[in-house]
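Trainee: sequence first, then the predicted structure, then my questions.
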Amino acid sequence: MSGCIFCRISRGEIPSRKVYEDDEILAFHDLNPQRPVHFLIIPKRHISTLYDVSADDQELLGRMLTRAAEMARSQGLDDGFRTIVNTGRVGGQEVYHLHIHIMGGADSVGPMVSALK
Ligand code: 5GP
Ligand code: ZN
């Protein structure tokens, strides 16, 4: 996915403020943070959405989640954080490269979802 913005970040073609990197995953601060600390964990390999994962991706997805708390602590989040994966149009996904949002750094992240209007 040559034009995908997160593929370009994972290839280093677009700069990002890195939180964590290994051979399969990358975490970097969100460009437009919604909370004092807001970063994204992505697989380096392009996967568009949670609709597109398969059994072959279990190890990769497990790696993203099992590293999350350690990454959060490295950013000072030692009293909790919010973990969000937006999927598709209804889920409000804007970038179609799978990512986990990690947010915190305020006394509370706030309600899980806002009321439907
Ligand atoms: P989504 O709505 O798809 O779950 O979230 C996409 C997130 O990616 C948004 O929070 C947005 O601020 C962030 N984002 C979009 N483009 C860039 C970029 O070029 N660099 C970084 N660091 N974050 C980005
Ligand atoms: Zn991509």
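Mentor: Ah, there it is. Ligands and ions are numbered 1, 2, ... in the order given.
Trainee: I'd guessed Ile36 sits against Gly105; true?
Mentor: Careful, residue 36 is Pro and not Ile. Yes - using Cβ atoms under 8 Å, Pro36 is in contact with Gly105, at 3.2 Å. Yep, even glycine has a C-beta here, placed from its N, CA and C like the rest.
Trainee: which of the two has more residues huddled nearby?
Mentor: Counted by other Cβ atoms under 10 Å, Pro36 and Gly105 do not tie: Gly105 has more neighbours, with 16 against 12.
Trainee: quick one: end-to-end distance for stretch 109-117.
Mentor: 21 Å (Cα to Cα, to the nearest Å).
Trainee: so what touches that stretch?
Mentor: Stretch 109-117 is contacted by residues Arg35, Gly80, Phe81, Arg82, Met103 when judged by Cβ atoms under 8 Å, 6 or more residues apart in numbering.
Trainee: again, 6 Å this time
Mentor: With contacts defined as Cβ atoms under 6 Å, 6 or more residues apart in numbering, stretch 109-117 is touched by Arg82, Met103.
Trainee: could you report the neighbour count for Leu77?
Mentor: Leu77: 21 neighbours (other Cβ under 10 Å).
Trainee: please shift the residue numbers so they start at 364 in all later answers.
Mentor: All right, first residue 364 from here; so that's Leu440.
Trainee: am I right that it is in a strand?
Mentor: No - counting by DSSP: H, G, I helix; E, B strand; the rest coil, one finds Leu440 to be coil, located in no strand.
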